[in-house]
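# here is a sequence together with a model predicted from it:
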Amino acid sequence: MTTKAYALPSDLSPATVTNTTSLLRIIALAFISGAAIASRLFAVINFESIIHEFDPWFNYRATRVLVADGFYEFWNWFDPTAWYPLGRVVGGTVYPGLMATSGVIYKILHALNLPVDIRNICVLLAPGFSSLTAWSTYMFTKELKDESAGLLAAAFIGIVPGYISRSVAGSYDNEAIAIFLLMFTFFNWIKALKTGSAFFGTIAALFYFYMVAAWGGYAFITNMIPLHALALLLMGRYSSRLYVAYSSWYAVGTLASMQVPFVGFQPVRTSEHMAALGVFGLLQIIAFAELVRSHVSSKQFQTLLYASVIGLGFLGTLAIIGLTYKGWIAPWTGRFYSLWDTGYAKKYIPIIASVSEHQPTAWPSFFMDLQFLIFLFPAGVVMCFRELRDEHVFVIIYAIVASYFAGVMVRLMLTLTPVVCVAAAIAFSTVLDTYINPVEPEAPADEAASSEVNSVASDVTNPSTPTPVSKKSKKAVKDSSASSTTGPFGDLVASVTSGKSGKKGERSFGVFGLDTRLVVIFHAIGMLIFFVWHCTWVTSNAYSSPSVVLASSNPDGSQHIIDDFREAYYWLRQNTPETAVVMSWWDYGYQIAGMADRPTLVDNNTWNNTHIATVGKAMSSSEEVAYPILRKHDVDYVLVIFGGLIGYSGDDINKFLWMVRIAQGVWPDEIQEPNYFTRKGEYKIDDEASPTMKNSLMYKMSYYRYAELFGGGQALDRVRGQQVPKTGPTLDYLDEAFTSENWIVRIYEVKKEDLLGRDLKSANAFAQGKKRKRTKPASRRKALL
Amino acid sequence: MYLLPLLSFLLLPLSFVVAKEDPHAELVKLAAANKGVIPLDERVYNLLTSPKRTWSSSVQFTALDPKRRCSPCKEFNPSFNQVAKAWQKVPAEQRDTHFFASLDFDNGMAVFQKLGMQSAPIVHVYPAAEGPRKSPSGKTSPFTYDFSYGFEAGPLAESLSQHTPVPIPYKAPIDWGRWATVAAFGVIFAVTLRFIAPILQSRWTWAAGTVLTILIMTAGHMFTRIRGAPNSGPNGQWIAPGYQNQFGQETQVVAMTYGLLGSAILMLTVVTPYTSSPRRQRAQVYLWSFVIFIMYSVLVSLFRVKNRGYPFKLLL
Amino acid sequence: MFSRWGLLLVLGLASWATAKSSTGDSVLVILEPKLDKDNFSIFFDGLREKGYDLTFRAPKDVEPAVIEYDSPQFSHVILFAPETKSFANDITPQSLVTLLEKKTNLLLVVSSKQTPLTSLAPEFSLVLPPPGTPLLSHFPERDTPATVIPVNVSPNPVVTSKLPPVWFSGIPFSLQNNPLLFPILSAPPESFAADSEGDSGAEAVVQVSEKGGEGLWAGSQMSLVAGFQALGGSRATWVGGVDLFSDEYAQKETKPGVKSGNKEFASAVAAWTFQESLALRIDRVTHHRVNQTEALQAYTTNDEIVFTAHISKFNSETSAWEPFSGIQDMQLEFTMLDPHIRTALPPVPGKAGEYSVTFRAPDRHGVFKFVINHKRKGWTHLESSTMVSLVPPRHDGYPRFLSAAWPYYIGAISTSLGFFIFSALWLAGDDRESKKSKGSKAE
């Protein structure tokens, strides 16, 4: 006979209770997705419905092509304006999942006679999918604990900044749909593993295929699932369920993934995918061994069998390694390898190292993105250890791997976020379960208490691993006992709480008194509210600016929009011929192609290091050296970003050293990084700047006529905080064509060859009326001798 | 840099007076005498980098004298010597076309001033100015080794090999100490396996490991590793200014905070409910709630130090 | 092209004689007062007969301006002002270069005096001798002063017909190696430049060699008339002395009974300068796949591509553009960064003015250009660049079945067959067996 901390309505029929709970659950999910979508609309409200940043511009452009010309044209799309003059075979070098998705949505809407502009679909795709992510996270967590935890997890992932940062309205990037696919594939995998059904395995494979088609990060799944399977094998948890789930997933998934043109034969040719293949082979061997064992009885034969199994596995690994050395299997790609050897990228692939989102993560970013989840996370992992079912093993592995990756690369925070939400939800809902549960344990005599504690401690330290079957029975027992005392509502609560506790004998446990409950509950609610405030603030302030349009605040606090980029891009679009080739650093390639619609030399899909290095060389060498390069590539306009006037720190002078390094990688004896530093080894742009620096095209283009702006006064670069030389650089081979309002974008026109065949420097001198010194005809004497 | 050949040209006659013999032969002898690294003074330096040199050379400008207090020099010197030593292995006809030399500040201040060097160590590679090994671009001004690759010998040999007739046959020396320890641990592990097996099989060992890893990672350990951030800043400040930056100590502090908060939560859920005496249980509940509240507000205030303009605060 | 040509035709018919030039018939003659117009009547009347309308103007005059509102007012300018020190301020070295940019042709005459033109000459990579050093020659024996020299016209693209020697007096200039510049009339081998008007004897040579350096201003590498084909298409001719065009020299006999070739030479020079002779143009270029006709935006790698260029030449008699098949050494380049294919572009026999070649596109996708770049001394430069992109085969452009892949086909088929048979047997097999096997599976 248990006492209760507070009274529960006992006159409710079980049916009512279940119905109400499910209804509440649905409503809650609806609200969660509402919140998830709404909190991502800051960008649209503060600015406008515009595509953000860089890569999304390409995705948007590709989507327009897809929608306009149909899928086959898109598949065979050769883009002559990108990587001029090499061109880019877009169909074969892109993950088409994102474009296909929004294309389908577009077609459906238009089939329903809803004439929605494709841009708006692209802008709002990410928020839409974020609600789906919330749902799939709910399903995933439900498999781990129960509905209440699932709802919490859904709510967390719905508004957590770590995920919002990549999925605000307008950031139309692969990650927008990838996280949903990630979670849903994992959910199906867990489901398949629990039920051992090939059906769910296949579903998992199909969504894996979708993921492969959508995001390069699919390699994460490709390695997570085998890792999980392997761990289970090592824990001696081989089961036919595992066999069925994994085999169906791997077979179907791999075949399907090879249908994506960009992936092609990688799944059987590259090291990233070898883990999956190896585990697959291992599973077959073990399955066979199990089969034989079940039929054969002889003891030593079994030992022999085990030996051979191990031997085979060993040989298989050796074979894979050997193939890698022979070159039949491509080794890790640099991008992937740099995750392990963290110094690798900077040394050998500066392009990768130069990307800001490939930098390691400092702890404030973790807290910024996850707030209080970050310390619920470990607690949740411990909970997973308490009842160590197969799916919990998965979460644990996921937790370790993802937290390492997130530490190494900022952008991989994205893969960490879901597991944090799940684990945190488990921990948090356990707290709530414990302290909402009204059932009070009967107070024992004090002397009993001490022994109680010890016994509990021992319970905690060596729990068994309950199989689902035994759980069922236990639940049944509990229910019967509980239902006798408390009404059906009590049943529900009891059944909910029964999930988490490690193991329960007859001895009851619980919380005494109402005040303790209230303290903890209020505390928890307070945390949640704080979390919501935090998320809202971070989203609206940090993650909602579309880096195409910048916002600053006037002295009076009102918002001031800086729209130089679009100003310049539209200038290009309206004042230059269709075929005018624009050279800029690769960051701006996609934007130029998307907004100005002009051919570019290099863009954000950095597939050709040499071509990028060529641009880097042109930017970092003197006019005379650069001009032939520009002419050879038919460059008509050169575009540079210069933040010196208004202090926009992401400008080209700050990226300049990367250009130098990348160029140095290809032309080590023409470009050398040390030459761009001052004698003291500082990177300066003022009078002390090294001559190489001052003669470099980038420097000249950035500071051309900058000093004049200050009319005699001392010109100041607000980003570097240095004085610009009074006598600015002069340009002979380029003409200033356009400079945007705040000087952020400066466009220069490349002069044609002189019509008298002079070099442009002397032509300029003549045009400015300078006399050239008399020349003498070359003496023919030498020729005669 | 460009006036260097001129100057050395002026000094050339003098150097010839001093060195009767053919400069190349002298250099070879010097190199052989000093394990491949020619100790330079001003005269030998001008000899080595004479404008009509048919050989190339890698010169280390350093300041090893303790009173110069140049710790990087001391750190870098051994690797330079190792590379030079490795170079001695190649057959003579190639070896004698490229020299390794080291100029200490105290032996050649004049040279340092001529080259306008403010810092050390610096490695210059002087390509051959004449003869068969003259660089096709006709470049005679020295290349400077880029120390962003670090002070290790491996990358140094790698990048110097671009300028030597044959790549430098440098192989990193096998670290016997490391292997020994590894082997020792392996043995110990094998021996004690049967005793520690239960520990290894207990899930809680693994749990502890996992949680520790997670805590360290989420506290930004990798950042400090990759960026080589110092354990604590100058004048003993332990919080690095700026949102995208942190010190080693911060990692520890933050990790501990997280750990404490996490364990408090665990206490509330795992231990407290099993406490069967109401008084103690109530005490625990209040205690842990209080701990959580305090630590949480500490954490937030810490975050506000890093990220000014963060509007929210708890207790402090 | 065609519209412009039509326009020219209309203009020509409107005027009393058809225009002879391919670029218009309005000529501005800037004649310095010192020179008497009648002294050049033969030359000018010759131009008039050809159908040019000449406008005369003194260097100092402001009217008519050469360039008004940034557009040139005349299609050709003759600058007969060898000794003028100062011009009206619309005529400067810079403005003359601007004229060339704007497709105006120039006929420039210099003298041994120092004038603005002397500072312009270096821009055309001409090197003039120091001021006051005219060309002298004591050969052949003759009654004229040493500064008035009969020069043999060596055949060159501009003056094709064999001419008797022409009288010349003025300065030579040496040509630096600029591909756009070529000599029309080069100095006699035994001539030299010296600064003494009425010299006799060798000391002059000595002085000159001291002044100008060893034998630099002597010999046949000097030229007296030089043509310059600017990249814009316009032409400029530099003449060492204005008397070349004078009536006096035109009538003067080089040998008894043989009139000098000055008249013909002058008109030939004018004809070349005013784009009458050696004027070519590319009417149009076409390209298409073999056995097809329409030009594609994008070709597939390894396509057989036919490229055709239609070229015509200006005929000053009929003053019309006529198809021209005379070029034998034209080349076509198929370029991406570097020429991937460089092949001869020969004239098609039987089709006037048509040049065609068929070639196989390289096995490399990218943005390629058909490039014609035909530059010959004296001839109008032929430049054309057409951009096409070369794309890999479409997804359905590959062969469907590969004989090499038969092992895989067989493998796939046999596996699926095996599975089918197995499951058929499994289902058909009697209960006990199936049960047992199922049992073994389950555990």
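Yes, it's here.

# any stretches of the stretch 101-250 of chain C with poor pLDDT?
For the stretch 101-250 of chain C, residues meeting the criterion pLDDT under 70 lie at C:195-216.

# same check, this time on the stretch 451-600 of chain A
For the stretch 451-600 of chain A, residues meeting the criterion pLDDT under 70 lie at A:451-508.

# does residue A:263 touch residue A:257 like I think?
Yes - contact criterion Cβ atoms under 8 Å: residue A:263 and residue A:257 qualify, at 5.6 Å. (C-beta placed from N, C-alpha, C; glycine too.)

# phi and psi next, for residue C:369.
Taking degrees, to the nearest 10, you get phi -130, psi 130 for the backbone angles of residue C:369.

# so how many other residues sit close to it?
For residue C:369, the neighbour count with other Cβ atoms under 10 Å in any protein chain shown is 17.

# from chain A, how far off is it?
8 Å (Cβ to the nearest Cβ, to the nearest Å).

# show me what that residue is bridged to.
residue C:335, residue C:387 (DSSP bridges).

# all strands for the chain, in order.
Assuming you mean chain A. Assigned by DSSP state E, chain A shows strands spanning A:3-4, A:78-79, A:88-89, A:439-440, A:550-553, A:559-562, A:581-583, A:635-641, A:715-717, A:722-724, A:734-739, A:745-750.

# oops, wrong one, chain B.
Going by DSSP E, chain B shows strands at B:37-40, B:56-62, B:98-104, B:122-126, B:143-144.

# Serialize the ones you listed to a markdown table and add fields for mean neighbour count and distance to chain C.
A markdown table is the format used below for the strands of chain B (neighbours: other Cβ atoms under 10 Å in any protein chain shown; distance: least, Cβ to the nearest Cβ, whole Å):
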| stretch | mean neighbour count | distance to chain C |
| --- | --- | --- |
| strand B:37-40 | 21 | 45 |
| strand B:56-62 | 24 | 33 |
| strand B:98-104 | 24 | 35 |
| strand B:122-126 | 22 | 32 |
| strand B:143-144 | 19 | 29 |
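
# out of these, which gets nearest to residue A:354?
Nearest of these to residue A:354, taken as Cβ to Cβ: strand B:143-144 at 21.6 Å.

# what lines up beside that closest one in the sheet?
When DSSP bridges is applied, strand B:143-144 pairs with strand B:122-126 (antiparallel).

# contacts for the partner strand?
The set of residues external to strand B:122-126 that reach it, using Cβ atoms under 8 Å, 6 or more residues apart in numbering or on different chains, is B:48-49, B:53, B:56-61, B:80, B:140, B:142-145, B:156, B:160, B:163.

# kindly calculate the angle that that strand makes with strand B:98-104.
Angle between the axes of strand B:122-126 and strand B:98-104 is 140 degrees (criterion: axes from the mean of the first three to the mean of the last three Cα atoms, to 10 degrees).

# give me the below-cutoff pLDDT ranges for chain B.
In the predicted model, chain B carries pLDDT under 70 at residues B:1-21, B:137-138, B:148-149.

# what are the ranges of the helices in it?
With DSSP state H as the criterion, chain B has helices at B:3-18, B:23-33, B:42-48, B:71-87, B:92-95, B:109-114, B:153-160, B:176-201, B:203-218, B:221-227, B:248-266, B:278-306.

# need these in TSV with distance to residue A:188 and mean neighbour count, can you?
Formatted as TSV, the helices of chain B follow (distance: least, Cβ to Cβ, whole Å; neighbours: other Cβ atoms under 10 Å in any protein chain shown):
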stretch	distance to residue A:188	mean neighbour count
helix B:3-18	70	14
helix B:23-33	68	16
helix B:42-48	70	22
helix B:71-87	53	19
helix B:92-95	63	12
helix B:109-114	68	15
helix B:153-160	46	20
helix B:176-201	31	10
helix B:203-218	25	19
helix B:221-227	31	21
helix B:248-266	30	21
helix B:278-306	36	18
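
# residue closest to the middle of chain B?
Residue closest to the mean C-alpha point of chain B, counted by Cα atoms, centre = their mean, is residue B:150 at 5.1 Å.

# check which helix or strand residue C:61 maps to.
Assigned by DSSP states H and E, residue C:61 belongs to neither a helix nor a strand.

# quick check: residue B:139 vs residue A:711, distance?
For residue B:139, the distance to residue A:711 (Cβ to Cβ, to the nearest Å) stands at 43 Å.

# higher neighbour count, these two?
Taking other Cβ under 10 Å, residue B:139 and residue A:711 do not tie; residue B:139 has more neighbours (13 against 7).

# ok, the more buried one - contacts?
Contact analysis of residue B:139 by Cβ under 8 Å, 6+ apart lists A:669, B:127.

# roughly how far does it sit from chain C?
Distance, residue B:139 to chain C, using Cβ to the nearest Cβ: 25 Å.

# residue C:424 - that's part of a strand, no?
No - Residue C:424 is assigned helix when assessed by DSSP: H, G, I helix; E, B strand; the rest coil, not a strand.

# neighbours around it, how many?
Count around residue C:424 with other Cβ under 10 Å applied: 10.

# got a list of what the residue in the stretch 101-250 of chain A that chain B sits nearest to touches?
Here the stretch 101-250 of chain A gets closest to chain B at one residue, residue A:235, 9.4 Å apart by Cβ to the nearest Cβ. Shown in contact with residue A:235 (Cβ under 8 Å, 6+ apart): residue A:393.

# list the contacts for residue A:208?
Taking Cβ under 8 Å, 6+ apart, we find residue A:208 in contact with A:185, A:218, A:221, A:249, A:253, A:256, A:257.

# let's go with 7 Å and repeat that
Residues near residue A:208 by Cβ atoms under 7 Å, 6 or more residues apart in numbering or on different chains: A:185, A:221, A:253, A:257.

# count the neighbours of whichever residue of the stretch 551-700 of chain A sits closest to chain B for me.
Scanning the stretch 551-700 of chain A for the residue nearest chain B gives residue A:674, at 4.4 Å (criterion: Cβ to the nearest Cβ). Residue A:674 is flanked by 17 other residues according to other Cβ under 10 Å.

# and it, what does it touch?
Contacts of residue A:674 (Cβ under 7 Å, 6+ apart): B:144, B:146.

# recalculate using a threshold of 6 Å.
Under the criterion of Cβ atoms under 6 Å, 6 or more residues apart in numbering or on different chains, the neighbours of residue A:674 are residue B:144.

# same deal with residue C:273?
Here residue C:273 is in contact with C:105, C:107, C:235, C:237 (criterion: Cβ under 6 Å, 6+ apart).

# among the residues you listed, which two are most distant?
Across those (Cβ to Cβ), the longest gap, 9.0 Å, separates C:107 and C:235.

# those two: which is more packed in?
Neighbours per residue (other Cβ under 10 Å) separate residue C:107 from residue C:235, with residue C:235 holding more: 26 against 23.

# beta partners of the closest residue to chain A within the stretch 51-200 of chain B?
Proximity of the stretch 51-200 of chain B to chain A (Cβ to the nearest Cβ) peaks at residue B:144, 4.4 Å away. Here residue B:144 sits in beta bridges with residue B:124, going by DSSP bridges.

# what's the nearest residue to residue C:117 if we skip its chain neighbours?
residue C:110 (5.2 Å; Cβ to Cβ, 6 or more residues apart in numbering or on different chains).

# one more: residue A:411?
Nearest to residue A:411 is residue A:357, by Cβ to Cβ, 6+ apart, at 4.0 Å.

# quick one, grab the pLDDT at that neighbour.
Listed pLDDT for residue A:357 reads 75.

# any idea how far chain C is from it?
Distance, residue A:357 to chain C, using Cβ to the nearest Cβ: 30 Å.

# shouldn't that residue be in contact with residue A:410?
Yes - if you go by Cβ atoms under 6 Å, residue A:357 and residue A:410 touch, sitting 5.1 Å apart.

# of the two, who's got more company?
Taking neighbours as other Cβ under 10 Å, residue A:357 and residue A:410 compare with residue A:410 leading, 21 against 11.

# quick check, pLDDT for that one.
88.

# got the helices of chain B as TSV, with distance to residue A:702 columns?
Below are these laid out as TSV (distance: least, Cβ to Cβ, whole Å):
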stretch	distance to residue A:702
helix B:3-18	30
helix B:23-33	46
helix B:42-48	39
helix B:71-87	33
helix B:92-95	45
helix B:109-114	33
helix B:153-160	30
helix B:176-201	49
helix B:203-218	40
helix B:221-227	28
helix B:248-266	36
helix B:278-306	32
